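Q: this is a predicted model, with the sequence first.
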Amino acid sequence: MITQSAKKAYRQNLKRRAVNLKRKEALKKILKNYKKLVSAGKLDEAKKELPSVYKILDKSAKVNLLKKNTASRLKSRLTKLLVTSH
């Protein structure tokens with residue numbers, strides 16, 4: 001027999017999973033778009049995109065989608081990617 005609290009926990013788990021997957025997909029999409037801009041040599045557009053990349057990484061770290069240091073490392077590497085591709 002499953003308790004009421006277990007049923008509720010399961011429902012919460014499903015909702016949170018859906019939200020997390022949506023956030024993770026958005027994160028992957030924006031990172032992929034940024035890397036594509038840099039590799040295509042569109043550095044001005046990539047530079048304009050960088051604040052939104054930072055924002056989504058910081059938000060992801062805040063809601064524990066990513067660890068704080070992982071977000072920091074990604075920010076550092078993405079900035080370095082832009083700077084070194086001049």
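A: Thanks, I have it. Numbering: from 1, shown residues only.
Q: please, which helix or strand holds the residue nearest the centre of the chain?
A: Nearest residue to the geometric centre of the chain (Cα atoms, centre = their mean): Leu27, 3.1 Å. Remark: Leu27 resides in helix 4-39, with elements defined by DSSP states H and E.
Q: which neighbouring elements make contact with that helix?
A: helix 43-62, helix 68-84 (3 or more Cβ pairs under 8 Å, 6 or more residues apart in numbering; DSSP states H and E). In short, each C-beta sits where N, CA and C put it, glycine included.
Q: highest mean neighbour count out of those?
A: Comparing the helices and strands packed on helix 4-39 by mean neighbour count (mean count of other Cβ atoms under 10 Å), helix 43-62 comes out on top with a mean of 15.
Q: tilt between that one and helix 68-84?
A: Using axes from the mean of the first three to the mean of the last three Cα atoms, to 10 degrees, the direction of helix 43-62 lies 170 degrees away from that of helix 68-84.
Q: what does helix 43-62 contact?
A: Contact partners of helix 43-62, identified using Cβ atoms under 8 Å, 6 or more residues apart in numbering, comprise 23, 26-27, 30-31, 33-34, 37-38, 66-68, 70-72, 74-75, 78-79, 82, 85-86.
Q: before we move on, back to that, average pLDDT for the helix holding Leu27?
A: Regarding helix 4-39, the rounded mean pLDDT is 97.
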